[in-house]
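> sharing a model prediction with you, sequence too.
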There are 2 protein chains.
Amino acid sequence: MPSLDHASALRHAGLRVTAPRLATLEVVSELPHADAESVAQAVRDRLGTVSRQAVYDILNALTDAEILRRVSVGGRSMRYELHRHDNHHHLVCTECGRLEDVPCTVGHAPCLTPAEDHDFEIEVAEVVFRGRCSRCRETLTATAP
Amino acid sequence: MPSLDHASALRHAGLRVTAPRLATLEVVSELPHADAESVAQAVRDRLGTVSRQAVYDILNALTDAEILRRVSVGGRSMRYELHRHDNHHHLVCTECGRLEDVPCTVGHAPCLTPAEDHDFEIEVAEVVFRGRCSRCRETLTATAP
DNA sequence: CATCTATCTGGACTCACTCAAGAAAACGTC
DNA sequence: GACGTTTTCTTGAGTGAGTCCAGATAGATG
């Protein structure tokens, strides 16, 4: 029962268990890397009316509680995924925007240390790999020689 | 004379040499990691009126020409720096947003290869290190024990 | 069940950026 | 240097993502 797990995750973080929050967690686990608007739409599909503000509040609260992880891959909108505490990275297609997870070989953050730390206390290293997915490579070689 | 270099860089890329473009290049070299609005403001300080649209067009054209590099470190706005073709990375303070360059030990892209490539043809690996800078660490330990 | 306070609603607003049409200015050619 | 072509810039409106605010609602605690 995923929603039971979700409910206990919420309670664990000291957050109230509400229908919009449970729906948000279900949506994010079914549509990983969804942006806020997609999450809002999918939540509305299950519950009827849910305000944009509620969705943003939820996404922010759950991100702060480390139940969700917010990822920025360069586009204008943030993407959300369940926080699996595995410090994995992302692979983005420069043509179509397709987004895949890449397991981190180290597993825990920070998986890399910079050559020079500028006296920062490094917490995480986020890596975004950019390239062309197989589908886009085929399309491009078919049209452009 | 930096503006001579800038002018030839523009001509090399097949772009016309205009005052707003030269000013933009000067501004970006003086204020690395500036966002579009800061660039626009600094360009206006030198030239008088320059439209927002002109600045965005310039930043896009110069980024396409690989004279500038656009970097996204998670905030809402894009940052710009001179493209040095060295594939360096960035270090961001999670408290104050301070942004530093980190040299890439490999030097050319992609400096890393993912554990699993999902049949992508990887072009670059962009790494963002997040942590606390020394200044913010001091401030935090002073107020919160 | 009552109360308290976290959460959600609705609506206005900001910010970063884009679109479109026409005016202005670079560059190549005479 | 003047001319015409084409790129670049101006003006002004528009979009998408996200935030702010005041008040209504509904989990949690006693």
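That came through fine. Since this is a predicted model, take the numbers as computed values, not measurements.

> in chain A, which residue sits closest to DNA strand C?
Residue nearest to DNA strand C within chain A: A:A54 (2.8 Å; C-beta to the nearest atom of the strand). From N, CA and C alone the C-beta is placed, and that goes for glycine too.

> go ahead and confirm that residue touches A:P20.
Yes: using C-beta atoms under 8 Å, A:A54 is in contact with A:P20, at 5.3 Å.

> A:E26 - how many residues pack around it?
If you count neighbours by other C-beta atoms under 10 Å in any protein chain shown, A:E26 ends up with 16.

> let me redo that: A:A19
For A:A19, the neighbour count with other C-beta under 10 Å is 12.

> for the one 4 residues further on, same thing?
Burial measure for A:A23: 22 neighbouring residues, criterion other C-beta under 10 Å.

> for the residue of chain A closest to DNA strand C, helix, strand, or coil?
Secondary structure, DSSP: H, G, I helix; E, B strand; the rest coil: A:A54 is helix.

> residues contacting it?
The neighbours of A:A54, taking C-beta atoms under 8 Å, 6 or more residues apart in numbering or on different chains as the test, are A:P20.

> just A:A7 next, same as before
With contact taken as C-beta under 8 Å, 6+ apart, A:A7 is in contact with A:17, A:22.

> am I right that it is in a strand?
No: using three-state DSSP, the assignment for A:A7 is helix, not a strand.

> who does the longest strand along chain A pair up with?
Of all the segments of type strand in chain A, defined by DSSP state E, the longest one is strand A:121-132. Partner strands and pairing direction for strand A:121-132 (DSSP bridges) are strand A:89-93 (parallel), strand B:121-132 (antiparallel).

> give me the mean pLDDT for the first one.
It stands for strand A:89-93. For strand A:89-93, mean pLDDT is 96.

> ok, which residues in chain A are in contact with DNA strand C?
A:15-16, A:18, A:20-21, A:49-54, A:57-58, A:61, A:76 (C-beta under 7 Å from any atom of the strand).

> generate a ChimeraX selection restricted to the buried subset of those.
Buried residues among these (16 or more other C-beta atoms under 10 Å in any protein chain shown), as a ChimeraX selection:
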select /A:15,20,21,50,54,58,61
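
> quick check: residues of chain A near chain B?
Within reach of chain B by C-beta under 8 Å from any C-beta of the partner chain, chain A has these residues: A:72, A:74, A:76, A:89, A:91, A:93-94, A:100, A:102-105, A:110, A:112, A:114-134, A:137.

> contacting DNA strand D as well, which ones from those?
Applying C-beta under 7 Å from any atom of the strand to the residues of chain A next to chain B, those adjacent to DNA strand D are A:R76.

> give me the buried subset of the residues of chain A next to chain B.
Using 16+ other C-beta under 10 Å as the burial test, those include A:72, A:74, A:89, A:91, A:93-94, A:100, A:102, A:104, A:110, A:112, A:114, A:117-118, A:120, A:122, A:124-133, A:137 as buried.

> what residues sit buried inside the helix-or-strand element of chain A with minimal mean pLDDT?
Lowest on mean pLDDT, DSSP states H and E among the helices and strands of chain A sits helix A:134-143, with a mean of 80. By neighbour count with 16+ other C-beta under 10 Å, helix A:134-143 contains the buried residues A:136-137.

> list the helices and strands that helix packs on?
Of the remaining helices and strands, none touches helix A:134-143 by 3 or more C-beta pairs under 8 Å, 6 or more residues apart in numbering or on different chains; DSSP states H and E.

> having no further points to raise, I will conclude here.
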